[in-house]
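**Student:** any chance you can model this:
(3 chains)
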Amino acid sequence: MKFLGYKAVRLFILLVAVAAVSFLMIELSPIDPVKSYAAEMGASVQQMAALRSYWQVDVPTYQKLLDWLFDLLQLNLGVSLIYRIPVVNVILDKFTASAILMITSWAISGVFGFVLGIVAGAKEGSWIDKIIKGYCYLLQSSPAFWIGLIIMMIFSVYLRWFPTGLAVPVGTLASEVTFFDWLYRLILPAFTLSIVGIASIALYTRDRLVNILNSDYFLFARARGESHWSIIKRHGIRNVLLPAITLQFMSFSELFGGAVLVEQIFSYPGIGQATVAAGLRSDVPLLLAIVLISTVFVFVGNTIADVLYKYVDPRMRGEDDE
Amino acid sequence: MDDLLNVSNISISFTQYVQGLNQHVLKVISDLSLSVKEGEVVAILGSSGSGKSLLAHAILGILPENGNCEGDIVFKGEVLSQERKEQLRGKEICLIPQSVNFLDPLMKVGEQAIGDVPKEEREEAFKKQRDVFSKYGLSEEVDDLYPFELSGGMARKVLLSTALLSNPELVVADEPTPGLDSQSVKETIKDIKQMAQDGKGVLLITHEIDVALKTADRIAIFYSGYVIEINKTENFNDVNNLLHPYTKSLIEALPRNGFKLTEGVQPLDDVDGCPYFENCPIRDDFCKNNIPSLIEHDGVMIRCHKYNGEVE
Amino acid sequence: MSKVGFLNPLNSMNLRQKTILLIAVIILVLVTIFLSSYSIDTSTMVTNFMARNQAPSFEHLFGTDWLGRDMFTRTIKGLGLSIMIGAIASILSSIVAMIMAFLSSINKYGDTLMAWLIDFFSSIPHLLLLIMISICLGKGAIGVIIGVAFTHWTSLARVLRVEIKEINTSEYVNLARRLGKGNLWVAKEHILPLVVTQIIVGTLLIFPHAIMHEASITFLGFGLSPHEPAIGIILSESMSYLTMGDWWLAFFPGAALLIVVLLFDILGEQIEKLLDPTKAQK
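**Tutor:** Numbering: from 1, shown residues only, chains lettered A, B, ... in the order given. Reported below is the predicted structural model:
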């Protein structure tokens, strides 16, 4: 409990810092939000004036920052300029869609990556190890969005299993899409994101298992006549699983980055697409809110990893009770 | 009585990469021969870190991939192939490892001791494990402890128990005593002797002269990758009964307080002549360029050109 | 268990020679790509409406785009730009890492500050932070370079920090201090030579990430301007033509980028292996 309290305080300080810094970054930007927004959305002169007052163009920066932080404390995130509804609603809606995408591919890549890593590590040096390793190196070096494009070309253009292009225009809320429509759209992005995520967890699992294969207790288990696969099963997986899960929880930052790219390619109506739209069209309230929510997201992942490491491993469990 | 284990002319070497990725062959054990009979404890005494543990690994067939082993290992009259070693290890030949690091850190010791057994035999295996554990005075709570929770003495007993669970004929104990308090050392010595009395052969690998003297029936002296002398333990009471100059200096320098064999400049590179040439008080030119071979004399083995068949 | 084959000359080489050969070949390939991208005559890039949207052929290895431009030429041009931006960004990133590590080695407060900065920079998803920095600097090449530099320094800074700490507490540095040598002298004479390896390897290992992140962020529209021949631009343009089946517009440029990234990856690893043999056993 003390641990969670400490984490909550840290999160609060971190969020204030992130909010302040990202606000200042937007303020410093030479891109005039009013102009670029107007250019994108085609605003009239009156609207421009309204925007100008909304942006408080004539108020000093520190004043604006304090105002904004104060609004933030009251959970008042403002109104999204693109979607024309409160930012909180946009975030809730988009983040739910993205969370499903991210969690699905997170779980799939975790399971497959772990299995591939175990197989490769157990057969270290064999052709199957080389294939898995080569495949992972290739994946790690491929830009995620390129993999997305290739998958789209194969499944949408060549095989025609899935629709291409922007069936749902940006600015439409996911709630206006039917459930099956939405599930249908989930498949390719989730598939892409899973493939992208497999490499790091597989390589990590493999290295970890290889380390165990060189450990004293592996040697002793062999000396006691246990077979190779029995040792992998009894000792290998037992010792790799926890660090692998921990690593997977610490990968939320990359997961979010991958989601942004993949959502952009497949026009998946999630937080990633909203990020790009907000960035390109200077929807500052939405962009800042996304920065905050993604910080919370990454923080949660890291905290879970911390908890797992501290409280599940029997070696760490006893030590923390001062 | 036939030899239980007979190791003849074993050499073990490694291929390594050093700075700048140059290849290097490291010879760890050269031309090692020894035998162990039923009910006998044979100690290999050598300084720590000199690679004598690898003999144990070679017997069990668990040398690493880049390790190369030549020579024959004969167990009960049968030359052991890698496959045969894999069948025998953990059953007729058992290892007692150095430390608690040889146990899976995330598995409870009771579970670990029984090893990998089919579901239907687990109950029986646990019963047997409990018997052996209680024989060593390990209470039931110990079964559910993780290795890191064991005290040094407890860990030692757990490791001994794992070896005895399958009722082996040959036990290879690899440095079973380092870092233990004197009480635990005493108990370990007693336990190992008990194993021999139960008819098992024991190969004890150690760098502690005291432990070797108190436990073994015969002692093989390991120097710079070579066994230079194998003699009966009682002969170590009198320096004049020892044959090799190195052994003599060793025992002469030994104050009766458990002096450990850790010092001594031992050549690591391949030498053309006698490995002890540099430090030998009775060397001559012949010793410099010719490696002496291990010869038997009246149940005692000696590797020295200067030895002429007589005990001084 | 030593297997030495004499049939294949590669087999008779030892690992050191193989590693050096591999490094040399990779550097040669990368330099060739880089130089050829800057020596390409832009006249071959002119639009040619007679040869629009052609599939790959011997004349146009990677096909042509909707303006009839040769995709191979565009790809090489783009790779050159990628390598250039990757180089500037990763060197800049290493400099940031060095400054941070130096800062942390001065005193306790510097150390706390760096730990906090690392925490801060890794708490926002990389890609999002890149987007924010790029927006802050008004997009374009500068935005991307600074963005990549400021999101990739953390791992190298961590390594350097530990290394400097170890050296700083070592016997001979203490001795030098007692002999009255100043901090700068110690840094120059003792610390710098020892961390140079880490800096070289660290910079090389940032490289592939830098290239990939530049391409990603350009693809999303926050990076280089659409007038630049960047791979990210090529791929994002290709999206409108993929539905028509013009697969080569996306496939080859992306694959070429992958190969360049992979080469830098291997290069970094091999050099690390050469400098630190503990990674090469087996």
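**Student:** what about the closest residue to chain A within the stretch 101-250 of chain B, how many residues nearby?
**Tutor:** When scored by C-beta to the nearest C-beta, the stretch 101-250 of chain B has B:Phe102 as its residue closest to chain A, at 3.8 Å. Heads up, the C-betas are built off the backbone N, CA and C, glycines and all. Neighbourhood size, B:Phe102 [other C-beta atoms under 10 Å in any protein chain shown]: 23.
**Student:** what sits against it?
**Tutor:** Residues in contact with B:Phe102, defined by C-beta atoms under 8 Å, 6 or more residues apart in numbering or on different chains, are A:216-217, A:219-220, B:159.
**Student:** before we move on, what about B:Ser50?
**Tutor:** B:28, B:207, B:222, B:224-225, B:266.
**Student:** next one, pLDDT for B:Lys288 please.
**Tutor:** Looking at B:Lys288, its pLDDT reads 78.
**Student:** surely it touches B:Phe277?
**Tutor:** Yes: using C-beta atoms under 8 Å, B:Lys288 is in contact with B:Phe277, at 5.7 Å.
**Student:** those two: who's more crowded?
**Tutor:** More crowded of B:Lys288 and B:Phe277, by other C-beta under 10 Å: B:Phe277, with 19 against 13.
**Student:** B:Lys91 touches B:Glu169, doesn't it?
**Tutor:** No: between B:Lys91 and B:Glu169 there is no contact under C-beta under 8 Å: 9.2 Å.
**Student:** so those two - more neighbours on which side?
**Tutor:** Neighbours of B:Lys91 and B:Glu169, each counted by other C-beta under 10 Å, are more numerous for B:Glu169; the result is 17 against 13.
**Student:** check the gap between that one and A:Lys123 for me.
**Tutor:** For B:Glu169, the distance to A:Lys123 equals 34 Å [C-beta to C-beta, to the nearest Å].
**Student:** for C:Ser155, same thing?
**Tutor:** With C-beta to C-beta as the criterion, C:Ser155 and A:Lys123 are 30 Å apart.
**Student:** gap between A:Phe145 and chain C?
**Tutor:** Using C-beta to the nearest C-beta, to the nearest Å, one obtains 5 Å as the distance from A:Phe145 to chain C.
**Student:** let me see the domain layout of the chain.
**Tutor:** All of this is about chain A. A:2-73, A:87-317 (automatic domain parsing).
**Student:** my bad, the chain I had in mind was chain B
**Tutor:** If you go by automatic domain parsing, chain B breaks into B:3-36+B:43-214, B:224-312.
**Student:** which element is the most centrally placed residue in chain C on?
**Tutor:** In chain C, the residue lying closest to the centroid (C-alpha atoms, centre = their mean) is C:Phe207, at 1.2 Å. C:Phe207 belongs to helix C:192-220 when assigned by DSSP states H and E.
**Student:** over to the residue nearest to the spatial centre of chain B: give its phi and psi.
**Tutor:** In chain B, the C-alpha nearest the mean C-alpha coordinate belongs to B:Ile205, at 2.3 Å (C-alpha atoms, centre = their mean). Phi and psi for B:Ile205, reported as degrees, to the nearest 10, are phi -110, psi 120.
**Student:** can you check the one 3 residues further on too?
**Tutor:** Backbone dihedrals for B:Glu208, given as degrees, to the nearest 10, come out at phi -100, psi 110.
**Student:** pLDDT at C:Val29, what is it?
**Tutor:** At C:Val29, pLDDT is 87.
**Student:** same question for A:Ile293.
**Tutor:** 91.
**Student:** let me know the helix or strand that it is in.
**Tutor:** helix A:284-311.
**Student:** what residue in the stretch 51-200 of chain A comes nearest to chain C?
**Tutor:** A:Trp146 (3.5 Å).
**Student:** verify the stated contact: C:Ile85 with C:Met212.
**Tutor:** No: counting by C-beta under 8 Å, C:Ile85 stays clear of C:Met212, with 11.3 Å between them.
**Student:** between those two, tell me which one has more neighbours.
**Tutor:** Shown here are C:Ile85 and C:Met212; by other C-beta under 10 Å, C:Met212 has more neighbours (27 against 24).
**Student:** roughly how far does that one sit from B:Asp238?
**Tutor:** In terms of C-beta to C-beta, C:Met212 sits 75 Å off from B:Asp238.
**Student:** where does C:Phe62 land in three-state SS?
**Tutor:** What DSSP: H, G, I helix; E, B strand; the rest coil gives for C:Phe62 is coil.
**Student:** re the thing from before, output the contacts of B:Ser50 as TSV; include the columns secondary structure.
**Tutor:** Converted to TSV, the contacts of B:Ser50 look like this (three-state DSSP):
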residue	secondary structure
B:Val28	strand
B:His207	coil
B:Phe222	strand
B:Ser224	coil
B:Gly225	coil
B:Gln266	coil
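**Student:** any idea which of these is least confident?
**Tutor:** B:Gln266 (57).
**Student:** can you name the residue of the stretch 151-300 of chain A nearest to chain B?
**Tutor:** A:Gly225 (2.4 Å).
**Student:** and that residue, what is it in contact with?
**Tutor:** Per C-beta under 8 Å, 6+ apart, neighbours of A:Gly225: B:86-91, B:115, B:166.
**Student:** any stretches of the stretch 1-150 of chain A with poor pLDDT?
**Tutor:** A:1, A:32-60 (pLDDT under 70).
**Student:** and it, which residues reach chain C?
**Tutor:** A:14, A:17-18, A:21-22, A:25-26, A:28-31, A:137-138, A:140-146, A:149-150 (C-beta under 8 Å from any C-beta of the partner chain).
**Student:** hmm, try it at 7 Å
**Tutor:** A:14, A:17-18, A:22, A:25-26, A:28-31, A:137, A:141-143, A:145-146, A:149-150 (C-beta under 7 Å from any C-beta of the partner chain).
**Student:** what residues does the stretch 201-322 of chain A put near chain C?
**Tutor:** Looking at chain C, the residues of the stretch 201-322 of chain A close enough under C-beta under 7 Å from any C-beta are A:253, A:256-257, A:260-261, A:264, A:275-276, A:279-280, A:291, A:294-295, A:298-299.
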